[in-house]
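*Asks:* Build me a structure from this.
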Amino acid sequence: MTPRLDARRWAFLRNAASYVRAYNSDQQARELEPAATRRQCATAREILRRLQSQRGLLLADDVGLGKTTVAAIVACVVAAIGGKVRVLAPNAPMARRWHEELSSHVKSVRSLIAGACKVSVHERAKVNMLAGRIIISTHRRNVGNRQLNCDLLIVDEAHRAKSEHSLLAKELRASADQVANILILTATPFSIDATDLCRMLALVGGDSAQDVVRDAAAQLHRLWAGSYVDASFAIEVSKAIQGALEKLRPWVIRHSVESLSAQEKKLFGKVDLDWTIPVSPATTSQLEILLRADRLLSLAKKDGSRDVARTNDPRFHVGWKFLKEEVESTSCRRADTEEAQLVQCHRSSIAELLGREQQTRHPKMNGVVTTIQALVKQGERVVIFCDHHKTAGELAVETAAMLRPVQHAKESTELWFEAWQRILQPTVGELSRRSMSAFTGFLRWLSSPGVCAQVARQLGEVPPTAAKLATRLERTPARRNDTNRLASEALSLWRHINSSPSLVETMKSSAGLGRFHATIPGAALDDPPLVAVCDLPKGIDADSHLFRLFHRSRDLVLALFNSPFGPDVLITTDQLSEGFDLHRYCRHIIHYELDPSPVRTVQRNGRLRRVQCWAARSGLPLRIAIPSFRRTRDERLVAVMHARLKQFDLLLGGIGTAQSLLAETGDSTHPAQMETLVRLNAALKPNRDCFVAY
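*Replies:* Residues are numbered from 1 along each chain as shown. Down below sits the predicted model:
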């Protein structure tokens, strides 16, 4: 416990309105929402209060409630009163996000603390730790060779270090005597195994709660694993969970979306629980392909001629391309064996069956692509998550084939360039030579044929002069139901680009019109409105328009997707499922493939359900779909996720995802288990917020 945490120094957190005024008057890129800031300031105050008397705690708010903001305020307070703070972020992009968040709060916090010391934020692990410094590094950087000595250690997304054998977990245990206080951030503290939570409790000093947490987890395991339970068991499980929640109270602070005030809940919008994507069930021919592939790979594995993919690989059930590649690569070492004859038989049969199937799109892929096509026609954006790069690549190619590029009469790019220059040039101020070159590149991109066609669709009729076009851009909403204007959103996008060295370099190198086709999505008129963040599929030529749809630059893709410009469809793997915002103009999310852990599903949904998300700003609901290919393993995987999410709902409250799966899969839970679940929900409802105590 550090002696610097004097409550009188951070009493300003009781008056959230004064903090909002101080922050917003500093001309930040975004303004704080009073309703959300009131809760966040109260949470920061409670964290500081608890750290006066205990080693640490977990902040386990739902995804999207602003844990980073809360922790940033706490870090700035500790640094402003002379403390030393370290932040461990999971990766470099999230470390940059931490740097932006902390830097935006430093001045506001210092202005409200009498006698505050100078505070500096550093994104380099080798900077010396001094009073008033906040040093940000990643989980893996210099692990084993760094000293974590500090007054406050903040570990973001700590569930990534849940294994006791991970390097970070070992480092945290070894450095326990170097850290005065520790704050752990994780939206999903229970994961699949309660052991994960117990390990995190040990780090913050909550050893006394571990036994009751394990007992509650064991009771829940009986609930989901048993074929029959009676009403008395519901009472037993309810008591076990209530006991665990009571023991966790000192060590965990948690808010759920459902526990928010009505005023703040409006900032997150509503969720449409009835959105489904129709998928045709597997035919006899399709099932034969899957069964023969499973047998073929089993024989190849037995022969030992090569390393083969998993038999019954989940990727086989959601697309044909990867299955075909694996089948074509199988062989036997000896051609005169019975196994070799069987392998050849299965290969020939699968090739014949696949040849017929590939004349049409895979049933699940067809249902999803058709849905995406309809959404884009309606002017909506959609993000699709896959678990594997192969699947994401195949889905991107199939979707691109269905999405026609935006067609509109071609206007002079110079007309658009002059109009955007009239709008943006007076507002950007003095720029360095490097930034000016990037600014020119940005204007060229806004004036490229693809973006012009996209914006022209918003305008309807394009005025004939640059002056009149500039006026229309300043007055036209960025999207339907949006209060922001096209001109203001273009300025916001430029400011974001100018704050990122990598994005500045991208725009600078693309200042000539000829390079846009290969560097920045949305510029080419003949490109479909799609971008994919995954590995490039085999067989795509570098000169093909499909090549331009695949981008590994996450910063660029995120910047464009969170603006009204550029691609409307984002297909990605789980590399964008955690710590990134996708919510500003998108309210549709499709889980094409599922990771086995409900943690990942919850994190994905949190990319869209955030403060002032598009669902809240547009007044239209957030829509989440988890389609399944019925009669195959894919249907079973979705059903398993359904059960795991129900357990999340029961333990933590506020996730609110399990209900949306009912319409997709039907409820496979035993009737007695459903009755028990209802009883448990009723018994625990008054205690859903028992983690929160202030």
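*Asks:* Residue 451: helix or strand, and which one exactly?
*Replies:* Per DSSP states H and E, residue 451 falls inside helix 449-459.
*Asks:* got the buried residues for that helix?
*Replies:* Neighbour-count burial for helix 449-459 flags 449-456, 458 (criterion: 16 or more other Cβ atoms under 10 Å). The C-beta positions use only the backbone N, C-alpha and C, and glycine is treated the same way.
*Asks:* Mind putting the residues you listed into TSV with distance to residue 508?
*Replies:* Output for those, formatted as TSV (distance: Cβ to Cβ, whole Å):
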residue	distance to residue 508
449	21
450	20
451	18
452	21
453	25
454	23
455	23
456	27
458	28
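*Asks:* What number of residues are in the vicinity of residue 261?
*Replies:* Around residue 261 sit 11 other residues, with neighbours defined as other Cβ atoms under 10 Å.
*Asks:* wait, I meant residue 367
*Replies:* Other residues lying near residue 367 total 20 when counted by other Cβ under 10 Å.
*Asks:* Please name every helix or strand in contact with the helix holding residue 451.
*Replies:* Counting contacts by 3 or more Cβ pairs under 8 Å, 6 or more residues apart in numbering; DSSP states H and E, helix 449-459 packs against helix 413-428, helix 466-475.
*Asks:* Surely residue 93 touches residue 578?
*Replies:* No: look at residue 93 against residue 578 with Cβ atoms under 8 Å: they stay out of range, at 10.2 Å.
*Asks:* For those two, work out which one has more neighbours and name it.
*Replies:* More crowded of residue 93 and residue 578, by other Cβ under 10 Å: residue 578, with 20 against 17.
*Asks:* Just confirm the more buried one is within a strand.
*Replies:* No: assessed with DSSP: H, G, I helix; E, B strand; the rest coil, residue 578 is coil; it does not lie in a strand.
*Asks:* shaky segments in the stretch 551-694 of the chain?
*Replies:* Along the stretch 551-694 of the chain, segments meeting pLDDT under 70 span 646-694.
*Asks:* before we move on, what SS does residue 431 have?
*Replies:* Three-state assignment for residue 431 (three-state DSSP): coil.
*Asks:* Make 668 the first number, not 1, from now on.
*Replies:* From this message on, residue numbering opens at 668, which makes the last subject residue 1098.
*Asks:* Could you check the pLDDT of it?
*Replies:* Here the pLDDT value assigned to residue 1098 is 79.
*Asks:* Run a quick neighbour tally on it.
*Replies:* Counted with other Cβ under 10 Å, residue 1098 comes out at 14.
*Asks:* That one: what's its closest spatial neighbour, skipping adjacent residues?
*Replies:* The shortest distance from residue 1098 to any non-neighbouring residue, by Cβ to Cβ, 6 or more residues apart in numbering, is to residue 1106 (5.9 Å).
*Asks:* Redo the buried residues of helix 1116-1126 as CSV? Include distance to residue 1192 and pLDDT.
*Replies:* Shown next, in CSV, are these (distance: Cβ to Cβ, whole Å; pLDDT from 0 to 100):
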residue, distance to residue 1192, pLDDT
1116, 4, 87
1117, 5, 88
1118, 9, 91
1119, 8, 91
1120, 6, 89
1121, 10, 90
1122, 13, 93
1123, 11, 91
1125, 16, 88
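*Asks:* how about these, which pair is most distant?
*Replies:* 1116 and 1125 (15.6 Å; Cβ to Cβ).
*Asks:* Mind telling me what element residue 968 is part of?
*Replies:* Here residue 968 sits within helix 951-970, counting by DSSP H and E.
*Asks:* buried set for the very next helix or strand once past that helix?
*Replies:* Per DSSP H and E, the first helix or strand lying C-terminal to helix 951-970 is helix 988-995. Buried residues in helix 988-995, counted by 16+ other Cβ under 10 Å: 988-991, 993-994.
*Asks:* With pLDDT and distance to residue 1228 as extra columns, can I get the residues you listed in JSON lines?
*Replies:* JSON lines is the format used below for these (pLDDT from 0 to 100; distance: Cβ to Cβ, whole Å):
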{"residue": "988", "pLDDT": "93", "distance to residue 1228": "25"}
{"residue": "989", "pLDDT": "92", "distance to residue 1228": "26"}
{"residue": "990", "pLDDT": "92", "distance to residue 1228": "30"}
{"residue": "991", "pLDDT": "91", "distance to residue 1228": "31"}
{"residue": "993", "pLDDT": "88", "distance to residue 1228": "32"}
{"residue": "994", "pLDDT": "88", "distance to residue 1228": "36"}
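*Asks:* now the strands for the stretch 818-967 of the chain?
*Replies:* Remark: strands assigned in the stretch 818-967 of the chain by DSSP state E, counting those that start in this stretch are 846-852, 919-920, 938-939.
*Asks:* What count of nearby residues applies to residue 1093?
*Replies:* Per other Cβ under 10 Å, the neighbour tally for residue 1093 reads 8.
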